[in-house]
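# I'll drop the sequence and a predicted model, then ask my questions.
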Amino acid sequence: MRHFKLPLIVTAIVFVLMIVASIAAFVWLGSQKIPDRQLAERAGLLGSGIATLGMFVIAPFWLWGAAMLGKERRAKAARKVNQR
């Protein structure tokens, strides 16, 4: 579908950036002198935060693509009704 070309590209780019950011953050977090229990807790929070941020970046592109697809389908259905 042509409406989802941009969302797919953005998703791929953001996914790669999220992986790089996660690796960098976990390497930085691993170099901190904190107990293992706190390290695990902070790593979980950091992973959740990066995933949430990625979702907020990706979601508008998918919503836009879905809106364009719905607009096209409604126009097609209206043309079909008008032809009868």
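Looks like it came in fine. Worth saying up front: this structure is predicted, and the values here are computed from it rather than measured.

# what's around Gly65, how many residues?
19 (other Cβ atoms under 10 Å). Glycine gets a C-beta too; all of them are placed from N, C-alpha and C.

# report whether the expected contact of it with Arg2 is present.
No: here Gly65 does not reach Arg2: they are 9.3 Å apart, not a contact under Cβ atoms under 8 Å.

# spatially nearest residue to Phe4 (excluding sequence neighbours)?
Counting by Cβ to Cβ, 6 or more residues apart in numbering, Phe4 lies nearest to Gly65, which is 4.7 Å off, once chain neighbours are set aside.

# for the helix or strand where that neighbour lies, which helices and strands make contact with it?
For Gly65, the element it lies in under DSSP states H and E is helix 36-83. Based on contacts counted as 3 or more Cβ pairs under 8 Å, 6 or more residues apart in numbering; DSSP states H and E, the elements that helix 36-83 packs against are helix 5-30.

# show the average pLDDT along the helix it packs on.
When the per-residue pLDDT values of helix 5-30 are averaged, the result is 95.

# buried set for that helix?
Of the residues in helix 5-30, Pro7, Val10, Thr11, Val14, Met18, Ala21, Ser22, Ala25, Phe26 count as buried by neighbour count, 16 or more other Cβ atoms under 10 Å.

# name the helices or strands packed onto that helix?
Packed against helix 5-30 by the contact rule (3+ Cβ pairs under 8 Å, 6+ apart) you find helix 36-83.

# the inter-axis angle of the helix it packs on versus helix 5-30?
170 degrees (axes from the mean of the first three to the mean of the last three Cα atoms, to 10 degrees).

# just how off-centre is helix 36-83 within its chain?
Relative to its parent chain, helix 36-83 has a centroid offset of 6 Å by Cα atoms, centre = their mean, to the nearest Å.

# do stretch 71-84 as well
Average the C-alpha atoms of stretch 71-84, do the same for its chain, and the two points are 32 Å apart (Cα atoms, centre = their mean).
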